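# Let me see the structure of the following:
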Amino acid sequence: MTALVSIRDVDKGYVRGKQRVEVLTGVNLEVQSGEFLAIMGPSGSGKTTLLNLIGGLDKCDKGEVIVAGERLHEFSSGKLARWRARHVGFVFQFYNLLPVLSAERNVEVPLLLTKLSGRQRKQNVRAALELVGLGDRARHKPGELSGGQQQRVGIARALVSDPTLLICDEPTGDLDRESSESVLELLELLNRDHGKTIIMVTHDPRAAEHASRLLHVDKGVISAEPLGTAA
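I've put the predicted structure just below:
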């Protein structure tokens with residue numbers, strides 16, 4: 001079986017001032033289509049950098065990043081942006097909704113870059129909001145919604161273009177326990193019933209329990225066990 005995501009011998013670092021900081025070194029990872037993968041690790045461990053490489057927000061310094069058969073490490077910035085818009089839905093910790101727009105208008109934003117007609121965009125937006133249980137909140141602005149509802153709008157926005165995979169960076173990090181559980185159950189449903197491939201970074205072990213596989217990252221090293229606990 002060909003993996004949906006294949007990371008091969010990847011290095012990634014950043015220059016801070018006069019010093020270069022290596023974040024990922026020799027990383028290898030495969031994610032199968034339809035998988036729900038959780039990635040945990042301390043702050044600064046490299047997990048968000050790994051997420052950004054998979055989602056096409058950044059490029060590796062060395063190695064290969066292949067997603068849905070495309071060799072992202074070979075793409076120009078423009079081609080990478082176009083690929084990202086078509087294939088990746090992003091869910092962020094702080095929602096990133098536009099406060100002056102209604103829920104339906106926020107969800108529509110990714111479709112404005114497509115060739116879909118206004119009618120088709122409206123149908124897609126309605127379907128996405130219904131899927132996350134907010135069909136009756138379409139005309140509400142973010143300030144009129146709870147944190148959990150705002151995150152559901154964020155998930156609807158990520159889904160509206162029917163992406164190849166969902167990239168979730170601390171999707172419950174700004175939510176209370178009840179809202180967090182509701183959002184995680186929604187992600188689990190999208191994975192289980194709709195076949196969405198989900199890669200989620202989280203600090204919360206309870207959130208990671210909803211995934212089908214858990215990996216740990218620390219100092220650029222990936223392990224199936226928390227570092228220091230493996231036999």
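
# So Leu37 is in contact with His216, correct?
No - taking contacts as Cβ atoms under 8 Å, Leu37 lies outside contact range of His216: 11.8 Å. Heads up, the C-betas are built off the backbone N, CA and C, glycines and all.

# Spatially nearest residue to Arg121 (excluding sequence neighbours)?
Spatially, and ignoring its direct neighbours in sequence, Arg121 is nearest to Leu111 (4.5 Å; Cβ to Cβ, 6 or more residues apart in numbering).

# Quick one: the helices in the protein, in order.
47-54, 77-87, 103-108, 118-131, 147-159, 177-194, 205-208 (DSSP state H).

# Show me the shaky parts of the protein.
Applying pLDDT under 70 to the chain picks out residues 1, 225-231.

# May I see the helices of the chain organised as TSV, with mean neighbour count added?
Formatted as TSV, the helices of the chain follow (neighbours: other Cβ atoms under 10 Å):
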stretch	mean neighbour count
helix 47-54	23
helix 77-87	14
helix 103-108	23
helix 118-131	16
helix 147-159	24
helix 177-194	17
helix 205-208	17
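
# got TSV for those, with distance to His140 too?
Converted to TSV, those look like this (distance: least, Cβ to Cβ, whole Å):
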stretch	distance to His140
helix 47-54	30
helix 77-87	26
helix 103-108	6
helix 118-131	10
helix 147-159	8
helix 177-194	16
helix 205-208	26
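
# out of the ones you listed, which comes closest to Ser223?
Among those, the nearest to Ser223 by Cβ to Cβ is helix 47-54 (11.9 Å).

# would you put the C-alpha positions of that closest one in PDB?
Backbone C-alpha positions of helix 47-54 (Å, rounded to 0.1, in the frame of the first residue of the first chain) are rendered in PDB as follows:
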ATOM      1  CA  LYS A  47       6.200  18.700  16.000                       C
ATOM      2  CA  THR A  48       4.700  21.900  14.500                       C
ATOM      3  CA  THR A  49       7.600  22.100  12.000                       C
ATOM      4  CA  LEU A  50       6.800  18.600  10.900                       C
ATOM      5  CA  LEU A  51       3.100  19.500  10.600                       C
ATOM      6  CA  ASN A  52       4.000  22.600   8.400                       C
ATOM      7  CA  LEU A  53       6.200  20.400   6.100                       C
ATOM      8  CA  ILE A  54       3.300  17.900   5.600                       C
END
